[in-house]
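Chemist: sharing a sequence plus its predicted fold:
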Amino acid sequence: MHLLFVEQILNGLQLGIILFLMAAGLTLTFGIMNLVNLAHGSLFMLGAYMGVTFQLLTGSFVLGFMFAGVATFLIGLVMERLVIRHLYARSHLDQVMCTVGLVYVFNEATRMAFGPEPLHAPVPALLSGTVELLPGAPYPAYRLAMIVAGLAIGGLLYGLIARTRTGMLIRAGASNRVMTSVLGVNIGTIYAVVFGLGAALAGLAGFIAAPILTVYPGMGDNVLILALVVLVVGGMGSVKGAFVAALLVGVIDTIGRAYLKDVMGLMLSPVAANTVAPALASMLIYILMAVVLFFRPEGLVPAAGMRRPEAPSEPASDAPLGAGLLARWRVPAIGLLGGGFLLLPLVAGLADSPFWVDMGVRVIIFAIAALSLDLILGQTGLVSFGHALYLGVGAYVVGILADKGVESGVVQWPLAMAVSAALAAALSMVALRTSGTFFIMITLAFAQMMFYGASSLYDYGGDDGMHLSVRSTFGGLVDLYDATQFYYLALALLVVLAGLNIRLARSRFGMVLKGIRVNERRMQAVGFSTFRYKLVACAISAAVCGLAGAMLANAAEFVGPQFMDWTRSAELMIMVVAGGLATPLGAVVGALAYLGLEKYLSDLTIHWRLAFGVLLILLVFVGRGGLGALFAPAPGGETVPAHKGSFRWARPFFRPRA
Amino acid sequence: MGEAILQTAGVTKTFGGLNAVDAVDFTLAPGELVAVIGPNGAGKTTFVNLLSGALRPDTGAVMFEGRDISRLPVHARARLGITRSFQIASIFPGLTVMENVALAAQAHAGHSFRFWGEVAHEAPLRRKAHAQLAELGLADCADRQAAQLSHGEKRLLEIAMALVTAPRVLLLDEPMAGLGIAEARRMIDFIAALKGRFTILLVEHDMEAVFALADRVFVLASGARVADGLPDEVRADARVQLAYLGAEDEDL
């Protein structure tokens, strides 16, 4: 028992070391460049792939190790030069979107180059044995070597930052970037070097971890999210904090998974412990993060002398490319869109393509979800990166109720909304204590927490999810098994919700949200308790998204943790941004464009995500304002003629909000 | 001096070893206009932040009408009637001038958990906002985007947003900062017109404005109170001259 415990502690340390190498790069780029780099996980993956390939080629582990470091360092430099550099002055939302685009590109490029099958990474012969640390407790030598190597790299990093000239410049740049550049230091070079350094650390971590992990495209994404948790727990921008937090997170996660069931068995019945413990164990570090944030919002070891980074002030007001280009077609375009949605089942019937109706339902469901996200992202300016969580919650409510024999949609759907809203209220109590980058990471981490929680619901399919045994019933009024009826029900809900959204944006509440987005400090100074309004906005938004989730479960006849995967959250965010922020039309157009493009590209090639990632990066740099901007009146000038006479009623719907 | 409306008792705020505000006792009587002056880095803005609630004192207390409000956050103090303007114009650039002021009025006209009625149709809010804009001579730009205003107009808008909440105490943090001579004169005249109607704390570098407006002058240097008295007394005070000259030396 004791020996096993020592072994678990060592396993925890080893996970912690990997996380530290990941988090060190992240925390440096964040502290110095104020950059949220979600593509950091891709560097982990690239390090693993490149190092292992080189190792297999040369037969030398050491050469592979060196190659992994050098290659990712160079990739980092190129990445910084081509893309990252242009993000420093951008909003956090742009940074998230663009680096998610990079993740798509890297993952897909890796899949193209190496194939989808996992790569086997051999353990070097020298370290393939075991070491008897304590008598009777053999421990794999390689894992031990990982800890030692990680500590050595960490020590070197510390020496570099604390003792060398370069390190001094890095520290100077972190504490006052303007002053450092005024003193004649080329801050651009420092940024590039720091980014490359962070990339190399991630690459080395990937290579070291390769023999004990599976090397596959996308392997870095989960590690990235753990590293983000480490960052938040340790304190952003603090390398020391990252070290402490990484070990803490590594050990807690490992020990929790190993022993929580036994501990809970002491208090609960064995059956209950068996159900609850795995779910709780996988959520443990996220709970740790929430607790740390609640009591110490700046992290355990806040970076010394670093002020709480704030979001870059007002984004540059350069108009999006082609804004207002199609302004005169605004009304016809909306008419066409509306007509298209209205007549779709008819057209699909005539064209003998019933698939179109299913596709239409999907678009509408995602439009509703995007609409709900827009309330907090577009209207309130809260960059929530975990919105798919409520899609999942809504779906699970329907799935679990159906499983328990409650099949009425009149019960299921409102309950899905209520549970989503309640959960959002609870999570937002913690998340809203933070702002800017922290908020992005926390919402992401909470979504991930629930993802793992759902994956551990073994009674409801666990990882694989479960089949929805029966679609929601509506007392014979609407039959969801009839595609057309389902379609029109969804469409009606979308129209109602879009109308409510428009009303809300013009109401007192909507005005407060707008004020919070533009200048929250001013809102408080004028007497608004902004926290409460944001909390309510989050709850409303979650409720609507929960409804979309309930519908999605019905449409897919399936419920699974995939619904709340972080890529889903990214998708929702992309829809909202692509369509245009703070307009219900944007959500609809965004959902249509995203799903349409996905369908079109995926018919074209299995590597569609590559093209998609590139499009996403272009969207950030060229397409600010989204598709909606094309139809908005040109900035500064009113190009939309006032509607007269019988069209007066339509005015509020056609006039874009400022 | 009558009963104090806003008062501090030994408030101290320390930033990593530096006493930005050091055991300051201060009173503000209803209807009074007190100017807080002091050299750069004297702690004036920190002091305003302690009064408005943006910062919480390390020790000491802030009292409003005899009630300890040291722990209240910004918005709660604003609802009590302590309203401030910012040193750097802080407005809602994307909204119209009218919306800016109406939004400020909305904060003091019941709760805003109203999701249906259009706020643009709430006549009382618009009337209030319009009257306030007219008073400041901004009525003509009511429908313009606040971002398009000149610097001087933004400062006025900022004050309009504070006034429309009918504040009990008005904290003006360098309202003249960055204004041209003509605009500064206009602002002085305007603040002079507010005198007597509102209780005002004015932080200002422009000595002409301070001595033209203030009933009482409160001098801070290195976070501590150096002098507190009638403008003429303070002007003649040797310690004040020393504080200013000493600080000027350091500046150079």
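Modeler: Perfect, I can see it now.

Chemist: how about B:A9, secondary structure?
Modeler: Here B:A9 is recorded as strand under DSSP: H, G, I helix; E, B strand; the rest coil.

Chemist: which strand residues bridge it?
Modeler: As for beta bridges, B:A9 partners with B:A61 under DSSP bridges.

Chemist: and residue 155, how many residues sit next to it?
Modeler: Answering for chain A, as no chain was given. A:G155 is flanked by 10 other residues according to other C-beta atoms under 10 Å in any protein chain shown. C-beta here means a position set from N, CA and C on the backbone, and glycine is covered the same way.

Chemist: hm, I was asking about chain B
Modeler: For B:R155, the number of neighbouring residues by other C-beta under 10 Å comes to 28.

Chemist: that one is in what secondary structure piece?
Modeler: helix B:151-163 (DSSP states H and E).

Chemist: which of the residues in that helix are buried?
Modeler: Buried positions in helix B:151-163, judged by neighbour count with 16 or more other C-beta atoms under 10 Å in any protein chain shown: B:152-163.

Chemist: could you list which of these also contact chain A?
Modeler: Counting by C-beta under 8 Å from any C-beta of the partner chain, B:161-162 from these sit close to chain A.

Chemist: now the strands for the stretch 51-200 of chain B?
Modeler: B:59-64, B:67-68, B:82-85, B:169-173, B:199-203 (DSSP state E, counting those that start in this stretch).

Chemist: what pairs with the third one, parallel or antiparallel?
Modeler: Taking DSSP bridges as the criterion, strand B:82-85 pairs within the sheet with strand B:169-173 (parallel).

Chemist: can I see the domain layout of chain B?
Modeler: B:1-81+B:167-252, B:91-165 (automatic domain parsing).

Chemist: pick the most buried one from those.
Modeler: Counting by mean count of other C-beta atoms under 10 Å in any protein chain shown, domain B:91-165 has the highest mean neighbour count of the domains of chain B, with a mean of 19.

Chemist: mean confidence score for it?
Modeler: Domain B:91-165 shows a mean pLDDT of 90 in the predicted model.

Chemist: list just the nearest of the buried residues of helix B:151-163 to chain A.
Modeler: The closest of these to chain A turns out to be B:M161 (C-beta to the nearest C-beta; 6.3 Å).

Chemist: find the nearest non-adjacent residue to that closest one, please.
Modeler: Nearest non-adjacent residue to B:M161, counting by C-beta to C-beta, 6 or more residues apart in numbering or on different chains: B:A104, 4.1 Å away.

Chemist: helix or strand: which one has A:L13?
Modeler: Going by DSSP H and E, A:L13 is in helix A:2-33.

Chemist: helix or strand right after that helix?
Modeler: helix A:40-58.

Chemist: just checking, next helix/strand downstream of that following helix?
Modeler: helix A:61-82.

Chemist: that next one versus helix A:2-33: what angle between them?
Modeler: Counting by axes from the mean of the first three to the mean of the last three C-alpha atoms, to 10 degrees, helix A:61-82 lies at 30 degrees to helix A:2-33.

Chemist: can you name the element that comes right after helix A:61-82?
Modeler: Immediately after helix A:61-82, counting by DSSP H and E, sits helix A:92-114.

Chemist: can you give the distance of that next one from its chain's centre?
Modeler: Offset of helix A:92-114 from its chain centre (C-alpha atoms, centre = their mean, to the nearest Å): 12 Å.

Chemist: what angle do that helix and helix A:40-58 make?
Modeler: Going by the same axes, to 10 degrees, helix A:92-114 makes 20 degrees with helix A:40-58.

Chemist: now for helix A:92-114, which elements pack on it?
Modeler: If you count contacts as 3 or more C-beta pairs under 8 Å, 6 or more residues apart in numbering or on different chains; DSSP states H and E, helix A:92-114 packs onto helix A:40-58, helix A:436-455, helix A:566-579, helix A:608-621.

Chemist: buried set for the last one?
Modeler: Spelled out, that is helix A:608-621. A:608-613, A:615-617, A:619-620.

Chemist: closest to A:L56 among those?
Modeler: Ranked by distance to A:L56 (C-beta to C-beta), those are led by A:L610 at 25.0 Å.

Chemist: give me the number of residues near the nearest residue in space to that closest one that is not next to it in sequence?
Modeler: Nearest residue to A:L610 in three dimensions, chain neighbours excluded: A:E108, at 4.0 Å (C-beta to C-beta, 6+ apart). A:E108: 22 surrounding residues under other C-beta under 10 Å.

Chemist: tell me the contacts of A:E108?
Modeler: Residues counted as contacts of A:E108 (C-beta atoms under 8 Å, 6 or more residues apart in numbering or on different chains) are A:217, A:607, A:609-610, A:613.

Chemist: now flag whichever of these is closest to chain B.
Modeler: A:G613 (31.2 Å).

Chemist: surely that closest one and A:V105 touch.
Modeler: Yes. Contact criterion C-beta atoms under 8 Å: A:G613 and A:V105 qualify, at 3.7 Å.

Chemist: on that earlier part again, now distance to A:L226 and pLDDT too, for the buried residues of helix A:608-621, in a markdown table please.
Modeler: Output for the buried residues of helix A:608-621, formatted as a markdown table (distance: C-beta to C-beta, whole Å; pLDDT from 0 to 100):
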| residue | distance to A:L226 | pLDDT |
| --- | --- | --- |
| A:W608 | 28 | 86 |
| A:R609 | 23 | 87 |
| A:L610 | 26 | 90 |
| A:A611 | 29 | 88 |
| A:F612 | 25 | 87 |
| A:G613 | 23 | 90 |
| A:L615 | 29 | 88 |
| A:L616 | 24 | 88 |
| A:I617 | 25 | 90 |
| A:L619 | 28 | 85 |
| A:V620 | 26 | 85 |
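
Chemist: tell me the spacing between B:P231 and chain A.
Modeler: 29 Å (C-beta to the nearest C-beta, to the nearest Å).

Chemist: my guess is that residue meets B:V217, correct?
Modeler: Yes. Between B:P231 and B:V217 there is a contact under C-beta under 8 Å: 5.2 Å.

Chemist: about what we covered before: the helices and strands packed on helix A:92-114: which one's closest to A:Q524?
Modeler: Across the helices and strands packed on helix A:92-114, A:Q524 has its closest neighbour in helix A:436-455 (16.2 Å, C-beta to C-beta).

Chemist: mind listing what the next helix or strand after the closest one pairs with, with the direction of each?
Modeler: Going down the chain from helix A:436-455, the next helix or strand is strand A:466-467, by DSSP H and E. In the sheet, strand A:466-467 lines up against strand A:558-559 (antiparallel) (DSSP bridges).
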